[in-house]
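S.K.: For reference, the sequence and a predicted model appear below.
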Amino acid sequence: MSSRREARERVMQALYAFTLGGGDVPHILGTLVKPRLQEDATALKFAETLFLRTLDVADEADALIGRHADNWDLSRIALIDRILLRMAVCEFLSFEDIPPKVTINEAIDIAKRYSTDNSGKFINGILDAALLDLQKQGRLKKSGRGLIGMQSIQSRLPS
């Protein structure tokens, strides 16, 4: 398993614990994230940043998800799916070096492992729509290796 995959899984678990039990952010990071990633400083920093930024953008992410979850009230979406969707939106908005395709694929794969049989398809549909929405708004700022495809997608979007 890649170190970023491990980091994402730990963040999902930490956000799940935080959502269900509330609590102290440093305690959650210190008990659910740091012990598993302490050998890989890069993965640990990524996980901590993803956790904190996901909390910061949760309301904005929920609004975006809600716009694209046709006939679904946000509270009816499985909690793990909702957390993975928030994390992915956070990656779209806050991590310029991560290609959206990678973000979507990671969310789908983690959902297949931890959530329902239909979660992968559901998450894929929501994230595809959210990604297009963010692109149309000009809010997607991606740079680096593997992002050339994004520029061609953006050039095909209607003005």
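M.R.: All right, it came through fine. Note that the structure is predicted; figures quoted are calculated from it, not measured.
S.K.: helix/strand/coil for Val102?
M.R.: Put simply, Val102 is helix when judged by DSSP: H, G, I helix; E, B strand; the rest coil.
S.K.: Quick check: it vs Pro26, distance?
M.R.: As judged by Cβ to Cβ, to the nearest Å, Val102 and Pro26 stand 29 Å apart. C-beta: built from backbone N, CA, C; applies to glycine.
S.K.: For the two, work out which one has more neighbours and name it.
M.R.: Higher neighbour count among Val102 and Pro26: Val102, with 15 against 9, using other Cβ atoms under 10 Å.
S.K.: all strands in the chain, in order from the N-terminus.
M.R.: Counting by DSSP state E, the chain has no strands to list.
S.K.: Buried residues in the longest helix seen in it, which are they?
M.R.: Ranked by residue count and defined by DSSP state H, the top helix of the chain is helix 41-68. Under the neighbour-count criterion of 16 or more other Cβ atoms under 10 Å, helix 41-68 has 43-44, 46-48, 50-51, 53-55, 57-58, 61-62, 64-65, 68 buried.
S.K.: Kindly report the same for stretch 14-27.
M.R.: For stretch 14-27, a neighbour-count test (16+ other Cβ under 10 Å) marks 14-16, 18-19 as buried.
S.K.: Would you mind giving those as a markdown table with pLDDT and distance to Leu127 added?
M.R.: Compiled in a markdown table, those are given as follows (pLDDT from 0 to 100; distance: Cβ to Cβ, whole Å):
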| residue | pLDDT | distance to Leu127 |
| --- | --- | --- |
| Ala14 | 97 | 21 |
| Leu15 | 97 | 17 |
| Tyr16 | 96 | 19 |
| Phe18 | 95 | 22 |
| Thr19 | 94 | 19 |
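S.K.: Counting only helices, which of those make the cut?
M.R.: Short answer: these in helices (DSSP H) are 14-16, 18-19.
S.K.: Please produce a markdown table containing the residues you listed, extended by distance to Gln38.
M.R.: Shown next, in a markdown table, are those (distance: Cβ to Cβ, whole Å):
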| residue | distance to Gln38 |
| --- | --- |
| Ala14 | 14 |
| Leu15 | 19 |
| Tyr16 | 21 |
| Phe18 | 20 |
| Thr19 | 24 |
